[in-house]
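**Q** Below are the sequence and a predicted model; questions follow.
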Amino acid sequence: MLNFLREHQHFKDFISVVWATCITETIIYPITTARIRMQMRRVSNQANSLTAGKTMRKIAKNEGFKNLFSGLLVNYLRQVVFHSFQISMETPINMRLDGEEYSIYRSAARVAVGLVGLVLIQPFVVVKVRYQAGIYPRKLSMITLFRTIYEKEGPRGLYRGLTLNGFRSAIAFTSDKFSRDPLDEFIKDRKTGEREKYIVITGATS
């Protein structure tokens, strides 16, 4: 198995990313559930004096502790679908567009891949949020919930919020790109300068 992962870097990347993401999502999932419930109360003009901690305790007390993790399996599937698509598409793109002169094309390709990935996972996002909001009981199976939303609201029901998710992801990627690259260059130049200074002082060349 280890030899297979060494020989197939893209598969190793997929396992690492999905594993790390699922652990993180599991840890923060109760917080996300509480946030959605608090947002739902504001939308419905209900009193919202409960803090996030009190909201989580209320859910655990009235609905059971497991309801804080309602929809977690759907969230895992969302991560698997998105990252498998992302890595399978970006790996050949990065290999073909290797080199500093192609950086802008790689960035554009990443945005395009990310947006297509969002379209693929949006039904999972909708189902996850319906679970977390308490609109449907946790005991209702994922397949049944997919079918229920499709029958009641049509295909568009499974893609509610897609436009906002697209804008959010595009803004997040752009912000990350234009804030991270200058920082990486600054750190790289600083390390290069320190290395050159060390060589001048010590006479070391290796």
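**A** Nice, thanks for sending it over. Numbers count the residues shown, from 1 in each chain.

**Q** Grab the most central residue of this protein for me.
**A** Central residue of the chain (CA atoms, centre = their mean): residue 79, 6.9 Å from the mean position.

**Q** ok, it - contacts?
**A** Residue 79 sits next to 18, 21, 22, 25 when contact means CB atoms under 8 Å, 6 or more residues apart in numbering. (Each C-beta comes from the backbone N, C-alpha and C, glycine too.)

**Q** Then residue 120?
**A** 81, 82, 85.

**Q** show me where pLDDT drops low in the chain?
**A** 1-10, 42-49, 99-101, 177, 180-206 (pLDDT under 70).

**Q** swap the cut-off to 90 and go again
**A** For the chain, applying pLDDT under 90 flags the ranges 1-19, 21, 38-55, 83-115, 134-140, 164-206.

**Q** For it, just list every one of the strands.
**A** Counting by DSSP state E, the chain forms no strands at all.

**Q** What segments of it are helices?
**A** Under the criterion DSSP state H, the chain contains helices at 2-7, 9-43, 52-63, 72-96, 103-132, 142-153, 162-202.

**Q** Just the angle for the third one relative to helix 103-132, thanks.
**A** Yep, that's helix 52-63 we're talking about. Inter-element angle recorded for helix 52-63 and helix 103-132: 50 degrees (by axes from the mean of the first three to the mean of the last three CA atoms, to 10 degrees).
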